[in-house]
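*Asks:* how would this look folded up:
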Amino acid sequence: MLQAVTHEWGGQGDLWVFAYASLIWRPEFEFAEERFATLHGYHRALKMWSRINRGTPECPGLVFGLLAGGSCKGMVFRIPQVQVAAALPALWEREMPNGVYDPKWLRCRTAQGDVKALAFTLSKRSPSHTGVLSEDTYRQIFSASCGRFGTTRDYAQLTYDKLRTLGIEDQALGKLLQLVSR
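*Replies:* Got it, this is the predicted structure:
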């Protein structure tokens, strides 16, 4: 799949990546430019099972995915063409260790103009998509799920805090985080 994404990029210019969760606060790649961006047609949702990074097979956690519908405010990062050969495989290893996301090239709107960016989306047909979860299920996951990179709760809070720092309000995430404070 990495070869297909690389082929679609074409190598003729810089590569843009859309960030909507942990890539915003921990990109782990060098970039030459960052911009606020809005992606129409997808929304950020804490609805993807994580059995390694934020949970275990016995106690799955959650991570964000881009689900179809709505819109999502985030960031786009520009990786210079000469750095893509090193940056893209590392990004791929981070985001696609088990091929759960559907990588897509999507148009992101920025104040400086639209860019076509690589975005990691999640199909509702994916076995990693949680479907509808109850408030009690979210509370349980927030209180118990922990993986190699920490807890689901910390991941959600770090994302929420960074979004707010950037002036991006995610009301759905704010409501989920309120569940653990009750």
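*Asks:* From here on, just use CA atoms for contacts and neighbour counts.
*Replies:* Will do.
*Asks:* residues near the closest residue to Tyr20 other than its chain neighbours, how many?
*Replies:* In space, and not counting its chain neighbours, Tyr20 is closest to Gly74: 4.8 Å by C-alpha to C-alpha, 6 or more residues apart in numbering. Other residues near Gly74 come to 21 when the count uses other C-alpha atoms under 10 Å.
*Asks:* just Gly99 next, same as before
*Replies:* Gly99 has 11 nearby residues by other C-alpha under 10 Å.
*Asks:* how far away is Lys124 from Leu158?
*Replies:* When C-alpha to C-alpha, to the nearest Å is the yardstick, Lys124 and Leu158 sit 25 Å from each other.
*Asks:* Without its sequence neighbours, what residue ends up closest to Thr159?
*Replies:* Beyond its immediate neighbours in the sequence, the residue positioned closest to Thr159 (C-alpha to C-alpha, 6+ apart) is Ala21, lying 5.5 Å away.
*Asks:* Spit out the contact partners of that neighbour.
*Replies:* When contacts are counted by C-alpha atoms under 8 Å, 6 or more residues apart in numbering, Ala21 is found next to 44, 64, 74, 159.
*Asks:* per-residue pLDDT, the residue lying closest to Thr110 once chain neighbours are set aside?
*Replies:* With C-alpha to C-alpha, 6+ apart as the measure, Ala37 is the residue that lies nearest to Thr110, at 4.7 Å, once sequence neighbours are left out. pLDDT, the model's per-residue confidence, is 98 for Ala37.
*Asks:* any idea how far Ala37 lies from Arg139?
*Replies:* Here the distance between Ala37 and Arg139 works out to 31 Å (C-alpha to C-alpha).
*Asks:* out of the two, which sits in the busier spot?
*Replies:* When neighbours are counted by other C-alpha under 10 Å, Ala37 comes out ahead of the other of Ala37 and Arg139, with 24 against 18.
*Asks:* give me the element the more buried one is part of.
*Replies:* Element membership of Ala37 [criterion: DSSP states H and E] is strand 33-50.
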